[in-house]
Every structure is written in C-alpha cells, then in structure tokens.
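Enquirer: Any chance you can model this:
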Amino acid sequence: MESIQSALKQWTKDNKLEQRLHDARKALLADPLVNKALENVSATDEILDQGLIKLYEFQNERQNCENCPGLVACPNMMKGYHPEIILTRRVIDLEYHSCSLKKKEEDARKQRQLIKSLYVPKDILDAKFEKLDRDQDREEASRKALAFAVNAMPGSDGQGLYFYGRFGVGKTHLMGAVANELRDRNIESYIVYTPDFFREMKQSIGDGTFQEKIDMVKRAQVLILDDIGAETISGWIRDDVLGAILQHRMLEKLPTLFTSNYDYDELEEHLAYSERGGIEELKAKRIMERIKHFTTFVTVEGANRRSR
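Expert: The predicted model follows:
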C-alpha cells in the first residue's frame, strides 16, 4: 500500500488536491475493517478528519493481520500485535493487543518455564507417561507417579514420593513424566540432579549466589531431587543445604520427590558420614525423619535400560 507520506507529496503536486483528499477519506472510511471498528467509537466528522493518519495505520496493520503470514514473518510495527481504535479525549488513537498467535507463543513460553532443571538431560525433560515403557516391573511405580502428578496440591498437601531402585531402571524418566504432567496442570516443578547441585552450592559461597539458588529450590511448588545419595556428603551439605530445604518445604507443605539407589536405611547411613570421617547418626536421623514422614516409598523394578 502506498505510504501516507508519499501520497501527501503527490497530492500537493496535484491541482485536484481537495478532491483526492476527499476520495481517499471516503475510501478509508468505507473500508470494511475501518467501518466495523468505528461502530463502537462515537466520532464526529471533525474527530475523524483529525485522526485520519491513525485510521490509515489501523487499516494497514489490520490488512496485514487479514493476510497473516505467520508470527515470524509478521510485518506489523509490533510483531504479533494488532490495533484497536479507541477515543481518548476526543482524539482517535490506537491500542495494541497481542494476536492469537502471539498469545499462543506466550502461553507456550510460560508452559516451558514451569519446568526448571539443573544438570538434567534433555530427554528426561521430554518424558511423558504415554511414552514410557509399559512393563509389569514398573507398573506400580508408574501408577503411583501418575497418581501424584494428577492429584498434587502444593501448599495444601506436602506429601511426596521416594523412588528407590537399582541403576538404570527408569526412576529419573518417571520424574520427567511427573514434571510434564504437572506442567499441563500449570504447576511449577524443579528437577535437580543432586550431586551436581550440592557441588554448585559449595561454589556459590564464593560468588555470592548461595542464598538466591537455595531459595529457588526451597520455594519450587514441586521439587524433584534426583539421585540423592550419590553425592559426597558433608555436615554442611546435610544440615545447611538439604536440611534447610526440607525444613522450609515441610512447613510450607510443598511436595518433594526423590530418586535414589539407596533405600531409607541406606540413605540414613550415607547421611551419617561426614567428609571428615566422623559419624553423626542423630543429625542423619533428623533428616531422614523429615523424608520418611513426607514421602511414600516406591520400589522401581526392572532391567537396566542403560545397558541396552
């Protein structure tokens, strides 16, 4: 469409300027898109004359929308937005709103942000219940995982799950499926590979990010601690990191899920040892009491899928 500026230059050279202006105004106001938009705007002829530039802008942008080439190729001044005509203090103006494609993109982005992760492979984040291997060995674990995902109520019920099993039986994939089911319910989850997370927490003391990182994990609606027990334990990690996280989540009734190669007793024994070689059974027992009280123990059976 010929730009307004170029049209005005042409009109100033034309002896029939008034007639051309009149015809252009008439054609603009007769445009079905403009005409329909003006139905709910109480505008006098004077207001319309003063707002012709805005009306031309509206016409051009909405014609682009009518012939939408897709969000990526959107030619509008604000990609993914369409204008609406409004009247402000007797002056025609435009108000821009996101179109359906832009809203869909924004919803998808928000959905992606509902699953946060640290050190977790991408294929885990893509796991879905309908794509999991269907075998009798994992039937009970899959059923309990799905039941949790569809019934979880963070803030009202802090009960989580503790998935115990040998290497490679699919515990982490189950957690990925849980996270995706929660996302579909607009519930935020945070999947953390525990050994690397604890290692990073040590490093964060030096760069000043410790509190920010631990708060992010503490406050997640649903927290998944993957492979707990695989880390090298220390009294500080056990008491000031893991203990602080679990205490906050217990008080706020935020569910925590665990995967581990250790059962409850084996994990308690692991937590009792410190890197200095000492044994602190009482402190380990305190941590385990929180874990036992707020999780249901689930055994994950099956063959080692990593050896295939």
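Enquirer: Could you list the buried residues of stretch 145-161?
Expert: For stretch 145-161, a neighbour-count test (16 or more other Cβ atoms under 10 Å) marks 145-146, 148-149, 152, 154, 158, 160-161 as buried. C-beta here means a position set from N, CA and C on the backbone, and glycine is covered the same way.
Enquirer: So what touches that stretch?
Expert: Residues outside stretch 145-161 that contact it (Cβ atoms under 8 Å, 6 or more residues apart in numbering): 129, 144, 163, 174-175, 177-178, 181-182, 185, 187, 221-222, 249-250, 252-258, 294-296, 298.
Enquirer: With just CA atoms, put it into CSV.
Expert: Output of stretch 145-161 as CSV, limited to C-alpha atoms (Å, rounded to 0.1, in the frame of the first residue of the first chain):
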residue,chain,number,x,y,z
ALA,A,145,3.9,-41.4,39.9
LEU,A,146,0.8,-40.6,37.7
ALA,A,147,-1.5,-40.5,40.7
PHE,A,148,0.8,-38.0,42.4
ALA,A,149,1.0,-35.8,39.2
VAL,A,150,-2.7,-35.6,38.7
ASN,A,151,-3.6,-35.0,42.4
ALA,A,152,-0.7,-32.9,43.7
MET,A,153,-1.8,-29.8,45.6
PRO,A,154,1.3,-27.8,46.6
GLY,A,155,0.7,-25.6,49.6
SER,A,156,-2.2,-27.8,50.8
ASP,A,157,-0.6,-31.2,50.8
GLY,A,158,3.2,-31.7,51.2
GLN,A,159,3.2,-35.4,50.7
GLY,A,160,5.8,-36.6,48.1
LEU,A,161,7.3,-39.8,46.8
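Enquirer: ok, the buried residues of stretch 145-161 vs Tyr96, which is closest?
Expert: Among the buried residues of stretch 145-161, Pro154 lies closest to Tyr96 (Cβ to Cβ), at 35.6 Å.
Enquirer: still on that earlier bit, quick check, nearest of the buried residues of stretch 145-161 to Leu48?
Expert: For the buried residues of stretch 145-161, the nearest to Leu48 is Pro154 (53.9 Å; Cβ to Cβ).
Enquirer: which non-adjacent residue is nearest the closest one?
Expert: Sequence neighbours aside, Gln221 is the residue nearest to Pro154 in space, at 4.0 Å (criterion: Cβ to Cβ, 6 or more residues apart in numbering).
Enquirer: Does that neighbour touch Ser189 like I think?
Expert: Yes - between Gln221 and Ser189 there is a contact at 6.7 Å, judged by Cβ atoms under 8 Å.
Enquirer: what's the overlap in contacts for the two?
Expert: With Cβ under 8 Å, 6+ apart, Gln221 and Ser189 have common neighbours Leu182.
Enquirer: which of those two has more neighbours?
Expert: Using other Cβ atoms under 10 Å as the criterion, Gln221 and Ser189 rank with Ser189 on top: 26 against 18.
Enquirer: And the more buried one, what's its pLDDT?
Expert: Looking at Ser189, its pLDDT stands at 89.
Enquirer: all numbers from here: first residue = 9
Expert: With 9 as the first residue, the last one maps to Ser197.
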